[in-house]
Structures are given as C-alpha cells and as structure tokens.
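Undergrad: fold the following, please.
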Amino acid sequence: MNQELLKNFTWGFEIEGLFHDSLIDKLNKLGNEKHYIEMEVKDDSSVNVDMDDLEDGWGIEENDREIAIGVFKSFDEMLKVLKMFRNRENYLENSSCGLHIHLGVKDELLRAKIGDYSFIKKLQKWAGENLCDRIKARLSDNRYCKCYRGFKCSYREWRLREKYRFLCNHPQRTFEFRFFSPCVHKINNVKKFFEFFLNELDKK
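TA: A predicted model of the protein is given here:
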C-alpha cells in the first residue's frame with residue numbers, strides 16, 4: 001500500500017451482528033489500554049441474526065447489535081482489531097449485517113478527490129467485480145448501501161449527506177464506506193479494496 005497516502009488518514013469501523021461477551025470484554029480492555037480508542041455497543045433493529053441453539057454468553061440479553069470502534073491512527077491497527085471478530089467463534093453475522101469503514105481525511109484536496117463522482121463510480125464498479133459474492137449481493141440489492149446513479153442525483157445526495165449509500169459523506173466529516181460485509185472474507189475484502197483505492201487516488 002502507498003504508505004505516504006496512508007499517513008493522511010485515520011480509521012474506524014462499525015460492525016453489526018451478535019457478539020460473545022468474551023469479545024466485548026477484550027475490546028473494552030483494549031480501549032482501556034489505548035485511551036484514544038473508543039467503543040460503543042448499541043442495539044440495531046435492522047439486524048436479524050438467528051440465535052437458535054446458542055450457548056450462553058452471546059451478547060447483552062442476546063440482542064442483535066452494532067459495535068462502533070475507533071479512532072485508529074493506522075490502517076494496520078484497525079485491521080488487527082477487526083481480526084478479533086472471529087466468525088462462528090466469538091461473532092455471528094448473516095446477510096442482514098454490514099461492516100462500515102470510516103475514513104478520516106484532514107487534507108481538503110484529498111477530500112475533494114475522494115468525493116469526485118467519477119472516482120466513486122470507479123470504486124463502485126471495481127468493488128462489484130472484484131470482491132466476494134456477499135459484497136456483490138449487497139451492492140445489487142441492499143437498500144442500506146445503494147450505489148450512486150447519475151451525476152445530478154448523486155450530487156444532490158452527496159450534499160444532503162444521504163446515509164444509505166455506497167460511500168456516505170458523513171456529518172462528522174468522515175467518509176463512510178457502507179458496502180462491506182462482515183463475512184469470513186472481511187479482512188481480505190478490506191485489504192484488497194483499500195489497496196485499489198489508494199492506487200487510484202494516487203493517480204488523481
């Protein structure tokens with residue numbers, strides 16, 4: 001990855017699903033050790049994970065939930081924490097669940113490049129053709145991460161900070177990539193996508 005470009009970003013993520021108490025305990029401990037990392041656990045009514053035959057310890061009152069965690073100073077640091085979510089071991093998910101990556105960018109020129117419609121279209125197309133089938137399904141029929149269609153409509157949605165889009169222009173001035181899946185391929189998908197993202201951004 002382009003290490004010079006990476007220096008311009010901070011990272012965070014939100015992940016939906018059902019979390020074992022042991023995982024939440026580890027994340028809380030990590031937050032206490034690294035005071036710049038904050039974690040929030042909340043219920044999410046859009047998530048529906050089958051909890052049949054689960055043993056004790058899955059989630060607080062076994063609600064479907066979302067965890068938001070950040071801010072990470074490096075991409076590798078974020079990946080290290082994301083790897084703690086081990087599917088079918090301490091974390092359960094299905095197609096109702098999403099993984100949202102937040103990218104913090106201070107440089108206004110970089111922000112303008114990332115928000116360019118032609119750049120976003122290229123990212124959408126590449127993600128739909130090169131990442132796993134779960135992501136292809138999310139991009140084709142998931143209302144929580146709709147692709148941008150047409151410049152005029154996309155420009156309006158971007159300015160209004162429409163939430164449920166492939167890439168959300170978040171009110172907190174982060175870019176929120178909402179199309180990722182928390183499936184077993186999540187680490188590989190995130191690494192592949194942001195390698196492409198950085199390479200293309202470097203060309204602009």
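
Undergrad: alpha carbons only for contacts and neighbour counts from here, please
TA: OK.

Undergrad: hey, which strand is longest across this structure?
TA: Across the chain, the strand with the greatest residue count (assigned by DSSP state E) is strand 9-19.

Undergrad: buried stuff in that strand?
TA: By neighbour count on 16 or more other Cα atoms under 10 Å, the buried set for strand 9-19 is 9, 10, 11, 12, 13, 14, 15, 16, 17, 18, 19.

Undergrad: cool, and stretch 192-204?
TA: Buried, per 16+ other Cα under 10 Å, within stretch 192-204: 193, 194, 197, 198.

Undergrad: repeat that for stretch 98-109.
TA: Counting neighbours by 16+ other Cα under 10 Å, one finds that the buried residues in stretch 98-109 are 98, 99, 100, 101, 102, 103, 104, 105.

Undergrad: other residues contacting it?
TA: 8-16, 111, 173-182 (Cα atoms under 8 Å, 6 or more residues apart in numbering).

Undergrad: same check on stretch 184-200?
TA: Contacts for stretch 184-200 (Cα under 8 Å, 6+ apart): 1, 2, 5, 79, 82, 83, 87, 123, 127, 131, 132, 180.

Undergrad: of the residues you listed, which is the nearest to residue 31?
TA: The closest of the contacts of stretch 184-200 to residue 31 turns out to be residue 82 (Cα to Cα; 13.7 Å).

Undergrad: what is the burial count for the closest one?
TA: Using other Cα atoms under 10 Å, residue 82 has 18 other residues around it.

Undergrad: now the residue nearest to the spatial centre of the chain. Nearest residue, chain neighbours left out?
TA: Nearest to the mean C-alpha position of the chain, by Cα atoms, centre = their mean, lies residue 100 at 2.0 Å. Computed as Cα to Cα, 6 or more residues apart in numbering, the closest residue to residue 100 that is not its neighbour in sequence is residue 178, at 4.5 Å.

Undergrad: that neighbour contacts residue 169, correct?
TA: No. Contact criterion Cα atoms under 8 Å: residue 178 and residue 169 do not qualify, at 10.7 Å.

Undergrad: give me the common contacts of the two.
TA: Taking Cα under 8 Å, 6+ apart as the contact criterion, residue 178 and residue 169 have no common neighbours.

Undergrad: who's more crowded, these two?
TA: Taking other Cα under 10 Å, residue 178 and residue 169 do not tie; residue 178 has more neighbours (24 against 20).

Undergrad: if we go by neighbour counts, what in the helix or strand harbouring residue 118 is buried?
TA: When elements are assigned from DSSP states H and E, residue 118 belongs to helix 117-130. Buried residues in helix 117-130, counted by 16+ other Cα under 10 Å: 117, 120, 121, 123, 124, 127, 128.

Undergrad: cool, thanks, talk later.
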